[in-house]
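what's the 3D shape of this:
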Amino acid sequence: MPQQLHTILALAKGMKSQEYADLSAYHKLCQKHELFNGLIKTYRKLNEDGEDLPQERKRVQQNVASVIADVRAKKQEYLTIEARREWTNCVARADIVVNGQVMAAQVPVSYLLFLEKQLVDLRTFVEKLPVLDTSEDWHFDANAAMYKTDAVETHRTKKVETPIVLYEATKEHPAQTQMITKDVLAGYWSTVKESGALPIPERARMLERVEALIRAVKTARELANNTEEAQTPPIAEAMLGYLFG
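Prediction:
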């Protein structure tokens, strides 16, 4: 009875590692040549008076034909399930629908899986996009293609040494003075902050859209995975039959 693609995928996933482990075990077994060799050694005395010696026997523990049969059976099962998966992948398709709108029609399931991973990467990218500092008031300057703040003016001071008179001059003594440093206004700074970052709401909307796309692709993939199994040619039997005879 034909199965759905998601069932075949589960079977193939569970079989892959086991099939590799089994083939590796048989490969190691075939390196132990002594297990495939045996002998029967029988003694024939020269005359009736000679001594009798017992037969020597080393039994064959493994048989290449049996190993091939086991490998062939396991490999045929695995090749068949993979063929069923790939042939069904060729016909498994679904629409990507976002907010009722078909973004792409009849997308192959293999591309849906690829697309889902790409969108997850893009979501990570969008999450890290720089945003404008909310402590500032920004406006977009179309000519400069960036955001700017209004000019903020701050004063600049400089230090100036000024003499002060400590004691006025008299007939007997000259005036006594001392240099002091004062901060005096020198000018004004006008500061306009600029930024190439995004407003927070814009990044939030972008995140909403990428999440909607991810959900749509996941839904399409699940629909495609419900596709009924396609007819598969007996490729495993043909190849293994040719190889092992």
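
for the closest residue to A175 other than its chain neighbours, helix, strand, or coil?
Spatial nearest neighbour of A175, excluding adjacent residues (Cβ to Cβ, 6 or more residues apart in numbering): A169 at 3.8 Å. For the C-beta atoms, the positions are set from N, CA and C on the backbone; glycine is no exception. When classified by DSSP: H, G, I helix; E, B strand; the rest coil, A169 comes out as coil.

what's the pLDDT at A169?
A169 is assigned a predicted lDDT (pLDDT) of 77.

any idea how far it is from I180?
19 Å (Cβ to Cβ, to the nearest Å).

same check, this time on Q4
On the measure of Cβ to Cβ, Q4 and I180 end up 92 Å apart.

A10 now?
Note on A10: its distance to I180, by Cβ to Cβ, is 88 Å.

just Y20 next, same as before
88 Å.

over to E19?
92 Å.

those two: which is more packed in?
Using other Cβ atoms under 10 Å as the criterion, E19 and I180 rank with E19 on top: 19 against 10.

I figured that one hits V71, correct?
No. Using Cβ atoms under 8 Å, E19 is not in contact with V71, being 9.9 Å away.

which residues of the chain fall in helices?
Secondary structure of the chain by DSSP state H: the helices cover 5-30, 64-89, 109-127, 200-224, 235-244.

pLDDT of stretch 5-23, averaged?
So the average pLDDT for stretch 5-23 ends up being 88.

next, the buried residues of that stretch.
With burial defined by 16 or more other Cβ atoms under 10 Å, the residues of stretch 5-23 counted as buried are L5, H6, I8, L9, L11, A12, M15, E19, D22.

pick out whichever of these sits closest to A224.
L5 (7.1 Å; Cβ to Cβ).
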